[in-house]
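Colleague: Just a sequence and a predicted model for now, questions to come.
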Amino acid sequence: MPTITANKCEMFYEIDDFTDPWVKGKETVWLQHGVGRSTKFWYHWVPALARQYRVLRRDMRGHGQSADPGPDHRWSLDELVTDMRDFMDAMGLQQVHYLGESIGGILGIIFATRWPERFKSLTICNSPTTIRPAGTKAISGPRESVDQTLAADGSKGWGRVMVEQRVLSGKSPDHIEWVVNEWGKTPAHVLKGISHTLDGADTASLLPQVKVPTLILAPTHSPLTPLNDQLSMRALIPDARISVIEGPSHEVYVDEPEECINAFVKFLRSVG
């Protein structure tokens, strides 16, 4: 199991590289999952990218096979971004094409304003700048808060709520069951702690400071990030590009992977 310690956390990662072995200076694409997910959620993207790029996936702390910091851990966006920088340092990576999904995109925005030289490009996939009241209502489901849902139903129960609210995607009953089971593997205290880091957080003021080439993969029907917010992000980030992806839910990278991948690869080629 490939792991590496960075920022005092043992992190799991996967690398897929089917590029020609004699090619020098291979570019690395980093695919970063969102809350409650893991490297496994990018499985369908890897075959399409790994023939052209070295594809890196990493489990955030507390997720997947990375170390759980424990129920008393005090979560912060600053720590999660530092995790990313220290992970790159530990891996000997000077620069990557970074694609962050949901909170992964939020972290990418913060990272790009602090260490822009480490990103060759930034892609933000169905990421809000802040969780608005409608989004809070969606992730809470029929209960009054995420905390109450986790206390009553656990991680797996919250996963089912997220599917019902169109935050998590599943294309068939078997797919939905897989998604809920994988989501349920994340400890409830991790989901609670990391969701609290987003309470009141807003990266909108940072957007004009993003100077790396940026693509926004924007869902049309996300309960967490309305299309108008995505269009505002495009306007605020200097020279940002946007691909509007028609889909039924928040997770356009699951709903319409081919369209997302095509837009992403076209963007990479334009900045490479």
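Modeller: Perfect, I can see it now.
Colleague: could you point out which element follows the least confident helix or strand in the chain by mean pLDDT?
Modeller: Lowest on mean pLDDT, DSSP states H and E among the helices and strands of the chain sits helix 133-140, with a mean of 89. Next helix or strand after helix 133-140 toward the C-terminus (DSSP states H and E): helix 146-164.
Colleague: so what secondary structure elements neighbour the helix or strand following that following helix?
Modeller: Once helix 146-164 ends, the next helix or strand along the chain (criterion: DSSP H and E) is helix 173-184. When contacts are defined as 3 or more C-beta pairs under 8 Å, 6 or more residues apart in numbering; DSSP states H and E, helix 173-184 sits against helix 146-164. For every residue, glycine as well, the C-beta is placed using N, CA and C.
Colleague: Can you list the buried residues in the helix it packs on?
Modeller: Neighbour-count burial for helix 146-164, counted by 16 or more other C-beta atoms under 10 Å, picks out Val146, Thr149, Leu150, Asp153, Ser155, Gly157, Trp158, Gly159, Arg160, Val161, Met162, Val163.
Colleague: With stretch 15-35 instead?
Modeller: Asp16, Glu27, Thr28, Val29, Trp30, Leu31, Gln32, His33, Gly34, Val35.
Colleague: I'd like to know which of those residues is nearest to Val252.
Modeller: Gly34 (12.2 Å; C-beta to C-beta).
Colleague: Look up how far Leu191 lies from that closest one.
Modeller: Distance of Gly34 to Leu191, given as C-beta to C-beta, to the nearest Å: 12 Å.
Colleague: sorry, back to before: so what touches the least confident helix or strand of the chain?
Modeller: 128, 131, 146, 148-149, 161-162, 165-167, 195, 223-226 (C-beta atoms under 8 Å, 6 or more residues apart in numbering).
Colleague: quick one: contacts for Asp229?
Modeller: By C-beta under 8 Å, 6+ apart, Asp229 lies in contact with Pro128, Thr129, Arg132.
Colleague: Work out for me the element the first one sits within.
Modeller: Counting by DSSP H and E, Pro128 is held by no secondary-structure element, helix or strand.
Colleague: Give me the number of neighbouring residues for Trp42.
Modeller: When neighbours are defined as other C-beta atoms under 10 Å, Trp42 has 22 of them.
Colleague: Could you tell me the phi and psi values at it?
Modeller: Phi and psi for Trp42, reported as degrees, to the nearest 10, are phi -100, psi 10.
Colleague: same thing with Ser121?
Modeller: phi -160, psi 160.
Colleague: and it, how far is that from Ile216?
Modeller: From Ser121 across to Ile216, the span is 12 Å (C-beta to C-beta).
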